[in-house]
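**Q** build me a model from this:
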Amino acid sequence: MAHHVISPILVEDLNKFKVVHTLNTAGQTTLLTVYQYFKRFPNTKSIKEHLIEDLGINDHEYIDSFDGTMRRVIENTAASGEAYDISLLIKFLKNLSGYYERDNKRRWNNKNELEFRCKKLAEMRNKAFHSFSGLNKLEMLNEINAIKLLINDIFDSLKKRFPKKNTEISKKNKDIAENIEDILAQPLGEIEIKTYLCHKYLRDEIPSYKNSCKNWGKIKILDFLLASNNLHDIKLLFTEVIIEKSNRFNKNMPVNCTDIINLLSESNLLLLDSEAGGGKSTIFLYTIADWGEGGKEMKTSGYDIIIPMVFLDPDLCSVADLISELIPKLRTKMSNDDIMNCLADSSFNILFLCDGYDERNDNSDKLFREICKLKVKHKHIKVIVTSRPESVKDLYTKKCSKLIIDHLKVRGIHESKRCEFLKKYHDELVNAGISKESTEDLITFFENCSAHHKDLYRLPLNLVILTWLWGQAPQLVKTIKSAAGLYTAILDIQNEKLVSRIVNSHPNVMNHIKDDRDELNNLICHFKEVIFNESLVALRSNRIFIDDMGVKCLKDVCTDKGLPFLELQGAYLLLNLEWHIKLVEILQIPHKGFLDFYAAKCIESKLSQGGKRIKNILLEDSNADNNIDESNKYQNVLQLLGGILALKDPLLVEEHGQDIINLLIETGISNNTQWYAVYSDLNINPEAAKDFGYLIAPKLDLNNFSIKDADVEVLSTLLQYVNIDTVTLDISSTDMLPQLPTLLNVLRSKNCIIKISNIIDSQVGLWNFSITKNTKINIDKVIIKNEERNLPFLSYCNSIDECILRNLWWELDSSAPNMSSCQIRMLWTAVYSTEALPTTVKYLSLGLLEDQTIGVVKDPGLAQLTQRCTLLTELGVHVRAGMVTEHLPQLPDVEYINLNLSRLNNDHHLQWAIDTALKLQPARSGYWGLTLPSCGLQPEQLYELVIQLAASGVTVYNRVCVSSRHTNDEQNHLEDAINAAFSCALFWYQDDEDLSSGMRSDTSTRPITSSGTKCSLF
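**A** Numbering: from 1, shown residues only. Here you go, the predicted structure:
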């Protein structure tokens, strides 16, 4: 190894390094000593358990206190503390010393206290660690003397705090002092010097690199369509997408987009997969840009460096090359080995973001394997990779065997967020002068779309295309029903614009064809045919750009036909400038979705010529030596092909549809939503439906099977051809109402169990029924709830038109042989009249509503309730604080009655609650339970309410349920008061959603009480 010449500047750097080294070793040992005296919990408990269970820190405080790296250390390291750095130790000390109690905070601000001195040591270390300005020898000695004095002060304070341990503490202090002297006396070796310099070079360049990462957030959205160089801020347009956990996580459990970084563990590779245009690359770009701005949104601030890698890049095949490409100045200072040694150092928290596994080539595949090996070897390195679903299986089989894949599925933009995205993006187009149409009209159009139509636009790319198309041809947008229709519309509009530009700007072309526009269109079609063909070639070769031979073919067509190449190129392709030894022009397909569409158009064109099967067209001229399995990369192409054929001629679907489905099966397609889209896009006529249904239906994944609004129509056909045991209907749109009986009849013929949620109307929620072999429909539960708040407190409900309920019972009746077979046993609702209730209800939770015209609660017929509902045994009544209840009668005598008084927030509500409880209390019995949802009363107000209720004659004989936002002492005090007043139990629940179980007899979902037992909240 070559010897390094130690220059005066280098000596100053090494002096600084000695200070950092002293703080790291002596400082950590000092704080670890303090921490070990502070901690008083059994070694059998983890630190997380001790913080939460013994010290009462809740989950939110725990997450806020420690960043992701700290939490991983806590949860994966023994409680001895050897692996904890200074920052984490300070966090522990703050928690263990009662940092969250006001009286103890003063210790951290008093310079004579132990806590303040520990904090100062950590601050000294952090300042030194993040500053690489050099020190001369005198400055170094002064710094180290200051460290020694501060450490001595810490041990003096520790001896005062624990006087019985003075001898033991003094010995620890002496050992650390000797260690500091050893650091000063010991010369640094050549390897240490080189390591220090390489770390310094890398850390010096990170701030500049981090700042440059902000540019990843300046994006062009389909700029070939916009014909402009406008850059959009990704933060302005970013809309959170639906992400669900898969495999070893709880399957289908939703995850916030901003929380995915917290899911990274020390042994995993985090995989995000989505369909083409589903938003995975946007998350990739947003995460990088957000890190460049501090990482607050995506919670990446704990990473020293984020390294993005794009699988499409054909030139990089090593991690060192990738980093040198991102930070070019390192090339002149560090070798590839130096870079890799820095990455191996655990002082760097590193995150690799790898985008587009499905677009990999030989070089990027090799690079990714190297990243995976680094991840296995070094726990401080984290990896996130994105892919389309069709390549997920390949990733599982070819990944590093020691890595566990944590799988997240990106489902697209939630329906409630799509209008927000449309508004933001269309307003951008209006401001840029690209659209002159009304944003409000676009939103209105979207809101009036059918559920199936809206599902097409859950993918961000489709929403982008929709927005652009609206700005060009709103009437055309209203006819589009498939992804193929979206892309076809773009081609048509681009073609029309291109013709107009050539007519207006290229008279020589028009003179050559004698001003014949039809002939011009034919010539342009020749150019597009070459693009389509070259796109299929590019797809086979795992690239998104046209190679040199393809570009030559395009130019030859233009020369032969007398067309302006630059005009045609700009209409359908992107021109990028890249540096490959020299500056070169790259003609690129605008997006992977367009690459698939162009390739599908090529197949459609070849099919129209006759004599070939789809599989022959896909695989002709493919590279047989390619060692990456490519059979599944044509899934989206085949889906789009089905839509293209359906748009062109239904007879083509009958001719080639079965080939498409068989090929999709061959590629391993497993996503139900994709199968629904295939079947729908093929637009199969009724005569051919059976043949296609028998092919597709057996391929559906029927585990935890759920039918949503957009799926009703297609599944009313497909489910005829498969057996199913259990299904959940999640129907919230009235658009589906006419088709629902058909679906129910299909399901009834399968003798399956059906669970239904959000049926018929957005105000209707969670009802379950089963269809038995004798075709009886047994309704277990119906909940009518407030759509806006999505809470089960029906006193919040707006007026519900009684005809909705009557129509609901009628609709059920139309699906059953007779009304007696439709048994509504459990109902949550809010009505003006009990006449709207089904007579078979046994368990009823009723919200009382105010008559808006007179401002008082209208009696819905409570006195006659038991006469109509003769089976009624359990009754819950919900009343919101402040409602005028003077006109209400006593509640009828029912076996179990629970009174819900919601939103009690002030002293005025105390007397109101007492008056209302007395007014409604049944004549012969009291209340089985009293529940206070969304209660904002202070502990002393709650205590007063309980005492006054009992003194006024209100009886509660089973339990009182109250929110748990109180200290243990406050809870105990209130529990004693309730026991003395009513001789019944007090139950706490964490939040209002815990009341969703509702009925006394409902045991499916019950919150945990303070004593650890389960309770029901009728």
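
**Q** got phi/psi on Ile586?
**A** phi -120, psi 120 (degrees, to the nearest 10).

**Q** so which elements touch the longest strand along the chain?
**A** As assigned by DSSP state E, the longest strand anywhere in the chain is strand 404-413. Strand 404-413 sits against strand 241-245, strand 268-273, helix 392-398, helix 460-472, with contacts defined as 3 or more Cβ pairs under 8 Å, 6 or more residues apart in numbering; DSSP states H and E. No exception for glycine: its C-beta is placed from N, CA and C like everyone else's.

**Q** which one, of these, ends up nearest to Phe116?
**A** strand 268-273 (39.5 Å; Cβ to Cβ).

**Q** related to what we said a few turns ago, tabulate the helices and strands packed on strand 404-413 (a markdown table), appending mean pLDDT, distance to Pro939 and mean neighbour count.
**A** Below are the helices and strands packed on strand 404-413 laid out as a markdown table (pLDDT from 0 to 100; distance: least, Cβ to Cβ, whole Å; neighbours: other Cβ atoms under 10 Å):
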| stretch | mean pLDDT | distance to Pro939 | mean neighbour count |
| --- | --- | --- | --- |
| strand 241-245 | 78 | 38 | 20 |
| strand 268-273 | 87 | 43 | 23 |
| helix 392-398 | 79 | 52 | 16 |
| helix 460-472 | 91 | 48 | 24 |
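
**Q** could these go into CSV alongside distance to Ser845?
**A** CSV is the format used below for the helices and strands packed on strand 404-413 (distance: least, Cβ to Cβ, whole Å):
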stretch, distance to Ser845
strand 241-245, 30
strand 268-273, 41
helix 392-398, 44
helix 460-472, 39
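
**Q** out of the ones you listed, which comes closest to Ala950?
**A** Short answer: strand 241-245, nearest of the helices and strands packed on strand 404-413 by Cβ to Cβ, at 47.7 Å.

**Q** and that closest one, what does it pack against?
**A** Short answer (3+ Cβ pairs under 8 Å, 6+ apart): strand 241-245 packs on strand 254-255, strand 404-413.

**Q** distance from that strand to the middle of the chain?
**A** Centroid separation for strand 241-245 versus its chain: 4 Å, with Cα atoms, centre = their mean, to the nearest Å.

**Q** ok, then the element right after the longest strand of the chain?
**A** Remark: after strand 404-413, the chain's next helix or strand is helix 415-431, criterion DSSP states H and E.

**Q** who touches that next one?
**A** Residues outside helix 415-431 that contact it (Cβ atoms under 8 Å, 6 or more residues apart in numbering): 221, 226, 232, 236-237, 239-240, 413, 435-437, 439, 442-443, 446-447, 454, 457-458, 460, 463-464, 466-468, 470-471.

**Q** any stretches of the stretch 901-1018 of the chain with poor pLDDT?
**A** 964-965, 989-1018 (pLDDT under 70).

**Q** can I get stretch 963-977 in PDB, CA atoms only?
**A** The C-alpha trace of stretch 963-977 is given here as PDB (Å, rounded to 0.1, in the frame of the first residue of the first chain):
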ATOM      1  CA  SER A 963     -62.700   7.500  27.100                       C
ATOM      2  CA  SER A 964     -59.300   6.600  28.500                       C
ATOM      3  CA  ARG A 965     -57.500  10.000  28.000                       C
ATOM      4  CA  HIS A 966     -56.700  10.200  31.700                       C
ATOM      5  CA  THR A 967     -53.900   9.300  34.100                       C
ATOM      6  CA  ASN A 968     -54.000   6.100  36.200                       C
ATOM      7  CA  ASP A 969     -54.800   8.100  39.300                       C
ATOM      8  CA  GLU A 970     -57.700   9.900  37.600                       C
ATOM      9  CA  GLN A 971     -59.000   6.600  36.300                       C
ATOM     10  CA  ASN A 972     -58.900   5.000  39.800                       C
ATOM     11  CA  HIS A 973     -60.600   8.000  41.300                       C
ATOM     12  CA  LEU A 974     -63.500   7.800  38.800                       C
ATOM     13  CA  GLU A 975     -63.800   4.100  39.100                       C
ATOM     14  CA  ASP A 976     -64.300   4.400  42.900                       C
ATOM     15  CA  ALA A 977     -66.900   7.100  42.300                       C
END
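
**Q** so which bits of that stretch are buried?
**A** Of all the residues in stretch 963-977, those buried under the rule 16 or more other Cβ atoms under 10 Å are 963-964, 966, 970-971, 974-975, 977.

**Q** pull the distance from that stretch to the chain's centre.
**A** So, by Cα atoms, centre = their mean, the centroid of stretch 963-977 is 36 Å from its chain's centroid.

**Q** ok, stretch 279-290 next?
**A** Taking mean C-alpha positions (Cα atoms, centre = their mean), stretch 279-290 and its chain are 13 Å apart.

**Q** end to end, how far does stretch 664-678 reach?
**A** Length of stretch 664-678, first residue to last, Cα to Cα, to the nearest Å: 9 Å.

**Q** offset the numbering so it begins at 9, please.
**A** Fine by me, first position is 9 from now on; the one you just mentioned is stretch 672-686.

**Q** what average pLDDT does it get?
**A** Averaged over stretch 672-686, pLDDT sits at 81.

**Q** where does the prediction get shaky in the stretch 659-808 of the chain?
**A** 692-693, 695, 739-746, 761-808.

**Q** where along it do the strands fall?
**A** Per DSSP state E, counting those that start in this stretch, the stretch 659-808 of the chain carries strands over the ranges 714-716, 734-738, 761-765, 772-773, 775-779, 785-787, 790-792.

**Q** which parts of the first one are buried?
**A** Same thing as strand 714-716. Buried residues in strand 714-716 (16+ other Cβ under 10 Å): 715-716.

**Q** low pLDDT regions in the stretch 459-608 of the chain?
**A** The stretch 459-608 of the chain contains residues with pLDDT under 70 at 585-592.

**Q** same question but for the stretch 59-208 of the chain, I mixed them up
**A** Scanning the stretch 59-208 of the chain with the threshold set as pLDDT under 70 gives 63-64, 68-69, 72-73, 75-77, 84-91, 104-113, 137-141, 194-204.

**Q** where along the stretch 909-1026 of the chain do the strands fall?
**A** Ranges of strands in the stretch 909-1026 of the chain, per DSSP E, counting those that start in this stretch, are 935-940, 964-971, 993-997.

**Q** looking at the ones you listed, spot the one closest to Glu537.
**A** Nearest of the strands of the stretch 909-1026 of the chain to Glu537, taken as Cβ to Cβ: strand 993-997 at 66.0 Å.

**Q** so where does the residue sitting furthest away from the middle of the chain fall, helix or strand?
**A** Residue farthest from the centre of the chain, counting by Cα atoms, centre = their mean, is Lys522 at 57.0 Å. Using DSSP H and E, Lys522 sits in no helix or strand.

**Q** could you measure from it over to Gly570?
**A** Computed with Cβ to Cβ, to the nearest Å, the distance linking Lys522 and Gly570 is 12 Å.

**Q** quick one: common contacting residues for those two?
**A** Common neighbours of Lys522 and Gly570 (Cβ under 8 Å, 6+ apart) do not exist.
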